[in-house]
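# Okay, predicted coordinates and the sequence, questions at the end:
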Amino acid sequence: MALAIRIYSSGAPEVMQLEELDLPLPGPGEVLLEQTAIGVNPLDVNQRKGMVPIALPSGLGLEGAGIVAAVGSGVSGLKSGDRVGYATGPLGAYASARLFPADRLIRLPDALGDEAAASVLFKGITAQYLLKTTGQVKQGSRVLIYGAAGALGQLMCAWAKHLGAQVLGVVSKPASVERAKAAGCDHVFVFEAQSLPSQVLQATQGQKVDVVYDSIGKDTFFASLDCLRPRGLMVSFGATSGLPPAVEVGVLNAKGSLFLTRPSLAAHTATTEEYQSRAQDVLDAIAAGILTPRIWKSYALKDAALAHADLEQGRSQGSIILTP
C-alpha cells in the first residue's frame, strides 16, 4: 500500500488530499520505486492552482529519489536496491512509492544523498538547459537572473559565474540580497520595475545584458525587455506572478531586434539520450563543486500543503523536499 497526494480540482493548497493506493507489479519497461525524498517546485504550485492546466484528477510532482524495489520485463541496467532519481514526468512524485519508466531514472552516485538528489535534479537540469542551450552563456556574457536567492536562482547564478559570465541578480526583498551575492552575483537588485533598467545600464557600463532569465512573468516582463542590449535574448520561463502578457512583435523590433523564447524542461529532455546527458552534466557539476544542493526545509508528505504555502509566500531560502 502506498500513500500519494491527489488533487481533484484546482485551487488552494488544501485541495491536495493524501490517499492510499494499491500499486500493481511493474509492467514492461517499468520499475517500482520506493521513494525516500521528493522535490517541491514552483511548477507543482502552478499546476495545483490551474495556472498550468493538467488533466484532473491527478497526482503532483516531477522530481524525486528512492530505491528500486522491483523491475518489470525488458528493464536492463537497473536492479532491486539501486539508488535512483528523476526530474521529469509522469506526474505523481508526491507519493511514498510509484511505478516509473526505467529509462527516465538517473543512477545516483554514492556521494549524493537521496534528499540532495531530490532537491537538485529538476532545478539543476533546468539551469543546465537554460544556461548552456537556451542562452549559451560563456566567458564574457552578461546575464540577468530573477529569483537569484531562490533554489533555482542560486544554482543558475553559481553555474553562470563558473562559465565566466557577469551575473546580475534580482530579488524581491532586501533580506535576500546577501544570499544572492553568496550564490555568485556580481550585482544584486531589489526589484522595482521603474528603476531596474537604469540599474542594469549602470552596472554594465551602458552595455545592458545579453540574456534575461525571467521566472516571474507578469510583473517583470516589460522591465526585463528594457534590460536587454540590441539583439539580446529574453528567456521567459516561469510565472510566479502570473503568466506574462501578450506582446506585439513590433515591440521586439522597437526595443532593439530582441529575441524572445518561452522554453520548457519537457522540450529539452524529450529523448532519453538528451535527458540523461543533461542529468550527467548536473551530477558532474555537483561533483566538481560548481553546484551545491541547498535544502531549506523538509516536510512530511502529509504536510505538502504547508510546503506549498511556504513556497507561494516566498518564505523559502532554498529547496523544499517532502519525505514519505
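Yep, that arrived. All values reported here derive from a predicted model rather than from experimental measurement.
# Centroid-nearest residue for this structure?
Nearest to the geometric centre of the chain sits Lys123, at 3.4 Å (C-alpha atoms, centre = their mean).
# Give me the three-state assignment for it.
helix (DSSP: H, G, I helix; E, B strand; the rest coil).
# isn't it right up against Leu43?
No: between Lys123 and Leu43 there is no contact under C-beta atoms under 8 Å: 10.4 Å. All C-beta atoms are positioned from the backbone trio N, CA, C, and that covers glycine.
# if we can go back for a sec, please name the nearest non-neighbouring residue to the residue nearest to the centre of the chain.
Computed as C-beta to C-beta, 6 or more residues apart in numbering, the closest residue to Lys123 that is not its neighbour in sequence is Leu152, at 4.5 Å.
# Quick one: neighbours of the one you found, just the number.
25 (other C-beta atoms under 10 Å).
# Is Thr261 bridged to anything, and to what?
Judged by DSSP bridges, the bridge partners of Thr261 are Val235.
# how close does it sit to Ser119?
27 Å (C-beta to C-beta, to the nearest Å).
# Which of the three states applies to Val31?
Classified using three-state DSSP, Val31 is strand.
# Check which helix or strand the residue nearest to Leu283 when sequence neighbours are not counted maps to.
Excluding its sequence neighbours, the residue lying closest to Leu283 (C-beta to C-beta, 6+ apart) is Pro109, at 6.3 Å. Counting by DSSP states H and E, no helix or strand carries Pro109.
# wait, doesn't Pro109 sit right on Ala287?
Yes: contact criterion C-beta under 8 Å: Pro109 and Ala287 qualify, at 7.0 Å.
# Helices along this structure, start to end?
42-49, 114-129, 151-162, 177-182, 196-203, 221-225, 249-254, 272-287, 304-312 (DSSP state H).
# which residues touch the residue nearest to Ala305 when sequence neighbours are not counted?
With C-beta to C-beta, 6+ apart as the criterion, Ala305 has its nearest non-adjacent residue at 3.7 Å, and that residue is Pro13. By C-beta atoms under 8 Å, 6 or more residues apart in numbering, the residues touching Pro13 are 48, 304-306, 308-309, 312.
# again, 6 Å this time
305, 308-309 (C-beta atoms under 6 Å, 6 or more residues apart in numbering).
# Return the entry from those with the maximum number of neighbours.
Within these, most neighbours by other C-beta under 10 Å means His308, with 24 neighbours.
# just to revisit the earlier point, the residue nearest to Leu283: neighbour count?
Count around Pro109 with other C-beta under 10 Å applied: 12.
# Gly74 now?
With other C-beta under 10 Å as criterion, Gly74 counts 10.
# wait, isn't it in contact with Pro26?
No: using C-beta atoms under 6 Å, Gly74 is not in contact with Pro26; the gap is 10.2 Å.
# Low-confidence regions, this protein specifically.
The chain contains no residues with pLDDT under 70.
# Could you chop it up by domain?
As recorded under the TED database, the domains making up the chain are 2-122+269-322, 135-262.
# Indicate which one of the ones you listed is closest to Tyr129.
domain 2-122+269-322 (6.1 Å; C-beta to C-beta).
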